[in-house]
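Student: This is the structure alone, sequence omitted:
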């Protein structure tokens, strides 16, 4: 890992944090930082690289923590609602002819 | 009161007795979270309430009732919410099979204006080699009438399209002749600076039911600073033209839109007052587009999204206050977004469609016969980037144009229901995909939403509108009225 005096490291417990949530959070905060994610024995170790000088390291940590929690919640809601989401889309398109290439409803 | 209590008790949801329906959230304020359902109906809750609802521990029956009413939760076994959401979703997307309602004919690149933000390579008014030919217009019409849409709007642009008025007249008459076999709902719009408007053209517009759309950047000094022509009298010509159209054809037959330059940013009230004084009831507070000449140092685009949002918010609040004081006016972008927020109808606005509106919502026929997926795609071609050139009216069939990889790839890659960050964004039902903008500014069709100016600008507008609707009863009613227009 190249040394960057501005970089800060923060760890997340692998038992309570999903890698998917970490990756989504890293994507969402790209306006402030880039994130290196490495899996250790018990933790995911994230190194935060601010994209410009002058960004406060505590602020970056708060931002990534909050983002990971939100992304985790989004994943949980998405998993819980996936069957009904698929049902709604199936219902919506089943009578349009778009799904089967047939004619639109008469 | 007893009846009400009984009713409430009969519909009460014990803890963990509800199912979540698809929902997305956005932390709106420190103490407020926006929840939206699949079709954009929304509720504000507190952060704790969100967690309690997701955890199944919420015992606030009033909140649970609101969430059920908005199809954000349901009781196990309920069938109606899924069916209603499906109907609403289908209604919002029902225009998809009827693709391409807008066909833009670039009749000439000639123009007698030299606007500082003009995105196209205008040519001097004498160079007729930059005019569309009748043969090209005829082939473009043949393609336009292949579109499945039952509504066709033909918009004439330039340059200044009135510099090629004989072809404009022929195209309208020919479209009407062709339409005798198609029976489509035809509409015509001329996007013109009105400087060349005369009685002959007015008479033609009256006879053929043609609408006029013009550019008006605000008061005379601002307009003439942005929109230069010999004599520095663009504003005077435009205003005289607007008045002529209003008198001869009616007030609803001419509309105007403005482009925000750096010089506009502190003039929101002046701009809106100019529109009000002219009896124009719609103002479109448009940011400058980051294409072509507009991004030159003197092009007027030297401001960021946050600065434009402050301008927009100032203008919107002023328009709301004018309405509060009895003067009916509307902001066009807010009206488009309000329709997406507060109705199940999609306004079909090309920049806020997903799948993207390029090609599916609009096609552009350039003066030389090249076909583009959008007007901005044509502007990029003027800067030697032909990414969005789909074909040519002479050599490409309708099928080749509409099934071109150059159209399908950007539409697929930018689809918001699968795009990273968009697919989990609470504002997705109000927003759209703009692969042309992201290609121009980020180098790919999707862009990165964390850094996208398109995303930042639109989220800013959505938040302003939702905040007004939440906190100001008069503004909420006004937005609802705009949504139903």
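Tutor: Looks like it arrived, so ask away. For clarity, every value in this text was computed on a predicted model and none was experimentally measured. Numbers count the residues shown, from 1 in each chain, chains lettered A, B, ... in the order given.

Student: is any part of stretch B:17-26 close to chain A?
Tutor: Yes - contact of stretch B:17-26 with chain A (CB under 8 Å from any CB of the partner chain) involves B:19, B:20, B:21, B:22, B:23, B:24, B:25. C-beta here means a position set from N, CA and C on the backbone, and glycine is covered the same way.

Student: residues of that stretch that come out buried?
Tutor: Using 16 or more other CB atoms under 10 Å in any protein chain shown as the test for burial, stretch B:17-26 gives B:18, B:19, B:20, B:21, B:22, B:23, B:24, B:25, B:26.

Student: go on, stretch A:70-87?
Tutor: A:70, A:71, A:72, A:74, A:77, A:78, A:80, A:81, A:84, A:85.

Student: Please work out the average pLDDT along it.
Tutor: The pLDDT scores in stretch A:70-87 average 96.

Student: anything in that stretch near chain B?
Tutor: Yes - Stretch A:70-87 lies within reach of chain B by CB under 8 Å from any CB, at A:70, A:71, A:73, A:74, A:76, A:77, A:78, A:80, A:81, A:84, A:85, A:87.

Student: ok, so of those residues, who is nearest residue B:349?
Tutor: Nearest to residue B:349, judged by CB to CB, of the residues of stretch A:70-87 next to chain B is residue A:85 at 25.7 Å.

Student: Mind pulling the model confidence for the residue in the stretch 351-485 of chain B positioned nearest to chain A?
Tutor: Proximity of the stretch 351-485 of chain B to chain A (CB to the nearest CB) peaks at residue B:450, 4.1 Å away. If you check residue B:450, the pLDDT there is 94.

Student: Let me know the secondary structure of it.
Tutor: Three-state assignment for residue B:450 (DSSP: H, G, I helix; E, B strand; the rest coil): coil.

Student: Leaving out the residues flanking it, which one is nearest to it?
Tutor: Leaving aside its sequence neighbours, residue B:450 sits nearest to residue A:30 (CB to CB, 6 or more residues apart in numbering or on different chains; 4.1 Å).

Student: Before we go further, that neighbour is sitting in a strand, right?
Tutor: No - counting by three-state DSSP, residue A:30 is not part of a strand but coil.

Student: That one touches residue B:448, doesn't it?
Tutor: Yes - between residue A:30 and residue B:448 there is a contact under CB atoms under 8 Å: 6.0 Å.

Student: show me where chain A has strands.
Tutor: Taking DSSP state E as the criterion, chain A contains strands spanning A:8-13, A:33-39, A:43-50.

Student: Listing partners with orientation, what would you give for the longest one?
Tutor: Looking at strand A:43-50 with DSSP bridges, its partner strands are strand A:8-13 (antiparallel), strand A:33-39 (antiparallel).

Student: Tell me the predicted confidence for residue 52.
Tutor: You didn't pick a chain, so chain A it is. pLDDT, read off for residue A:52, is 92.

Student: nope, chain B
Tutor: 97.

Student: cool, and the one 4 residues further on?
Tutor: On the pLDDT scale, residue B:56 is placed at 94.

Student: Distance-wise, check it relative to chain A.
Tutor: 10 Å (CB to the nearest CB, to the nearest Å).

Student: What's the local residue count around that residue?
Tutor: Residues near residue B:56, counting by other CB atoms under 10 Å in any protein chain shown, number 15.

Student: Which residues are in contact with it?
Tutor: Contact analysis of residue B:56 by CB atoms under 8 Å, 6 or more residues apart in numbering or on different chains lists B:15, B:16, B:17, B:18.

Student: In the chain, where is pLDDT below threshold?
Tutor: No chain was given, so I picked chain A. A:1-3, A:95-106 (pLDDT under 70).

Student: was after chain B, sorry
Tutor: Within chain B, the segments meeting pLDDT under 70 span B:1-11, B:119-127, B:292-298.

Student: For the residue of it found nearest chain A, give me its contacts.
Tutor: In chain B, the residue that lies nearest chain A is residue B:86 (3.5 Å; CB to the nearest CB). By CB under 8 Å, 6+ apart, the residues touching residue B:86 are A:88, A:89, A:91, A:92.

Student: gap between the residue in chain A that chain B sits nearest to and residue B:38?
Tutor: Of all residues in chain A, the one sitting closest to chain B is residue A:91 (3.5 Å; CB to the nearest CB). To residue B:38, residue A:91 is 11 Å away according to CB to CB, to the nearest Å.

Student: again, but for residue B:398
Tutor: In terms of CB to CB, residue B:398 sits 33 Å off from residue B:38.

Student: Mind checking which of those two has more residues around it?
Tutor: residue B:38 (26 against 17).

Student: so how far is residue B:352 from the more buried one?
Tutor: To residue B:352, residue B:38 is 17 Å away according to CB to CB.

Student: Then residue B:279?
Tutor: Plainly put, residue B:279 is 28 Å away from residue B:352 if you go by CB to CB.

Student: try residue B:205
Tutor: 29 Å.

Student: In contact with the spatially most central residue of chain A: list those residues for me.
Tutor: By CA atoms, centre = their mean, the mean C-alpha position of chain A lies nearest to residue A:24, the distance being 1.9 Å. Residues in contact with residue A:24 (CB under 8 Å, 6+ apart) are A:71, A:74, A:75, B:420, B:424.

Student: So which of the residues you listed are in helices?
Tutor: In this view, the contacts of residue A:24 that belong to helices under DSSP state H are A:71, A:74, A:75.

Student: Now render these as a markdown table, adding distance to residue B:195.
Tutor: What follows is these, written out as a markdown table (distance: CB to CB, whole Å):
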| residue | distance to residue B:195 |
| --- | --- |
| A:71 | 54 |
| A:74 | 53 |
| A:75 | 57 |
